[in-house]
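Enquirer: Build the 3D model from these lines:
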Amino acid sequence: MTTGSAAAHKPAAKKSKADAPRKENLFKRLRKFLREVMSELRKVIWPNRKQMITYTTIVLVFVSFMVAYVFGLDLAFIRGVRWLFG
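Expert: Sure, this is the predicted structure:
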């Protein structure tokens, strides 16, 4: 006794190349992509000079702190390994 419908067991109809949507030319797609990129870039709110200097300073200070922190950890591990293994 089967409970499934007969339509569920039929193989799907194969699509011919004529039914498939055609891809646009490579250059048309590239041009469309670049147009959309430019459109999106117009929507971007760019930082002004003061904001850029502030953000750059924050990044440089943070990176300097992280370099010093990793350097300190490296020194501590080197001294610990030398102490442990002689």
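
Enquirer: The helix or strand where L73 lies: how far from the chain's middle?
Expert: Assessed by DSSP states H and E, L73 sits inside helix 49-85. On the basis of CA atoms, centre = their mean, to the nearest Å, helix 49-85 sits 26 Å off its chain's mean C-alpha point.

Enquirer: by contact count, what packs against that helix?
Expert: Contact here means 3 or more CB pairs under 8 Å, 6 or more residues apart in numbering; DSSP states H and E; on that basis helix 49-85 packs against no helix or strand. C-betas here are computed from N, CA, C, even on glycine.

Enquirer: Could you check how many residues crowd around L60?
Expert: 10 (other CB atoms under 10 Å).

Enquirer: how much space between it and V70?
Expert: 16 Å (CB to CB, to the nearest Å).

Enquirer: Pull the distance from stretch 28-41 to the chain's centre.
Expert: Counting by CA atoms, centre = their mean, stretch 28-41 comes out at 19 Å from the chain centroid.

Enquirer: Please apply the same query to stretch 41-53.
Expert: Offset of stretch 41-53 from its chain centre (CA atoms, centre = their mean): 21 Å.

Enquirer: And V70, how far from G86?
Expert: V70 is 25 Å from G86, by CB to CB.

Enquirer: what ranges of this structure fall below the confidence cut-off?
Expert: Scanning the chain for pLDDT under 70 picks out the ranges 1-21.

Enquirer: which residue is nearest the middle of it?
Expert: Note on the chain: the residue nearest the mean C-alpha position is V37, at 16.1 Å, using CA atoms, centre = their mean.

Enquirer: still on that earlier bit, okay, V70 and G86: which has more neighbours?
Expert: Comparing V70 with G86 by neighbour count (other CB under 10 Å), the higher total belongs to V70, at 10 against 5.

Enquirer: residue contacts, the more buried one?
Expert: If a contact means CB atoms under 8 Å, 6 or more residues apart in numbering, then V70 has no contacts.

Enquirer: Now for V61, how many residues are close by?
Expert: So V61, with other CB under 10 Å, has 10 neighbours.
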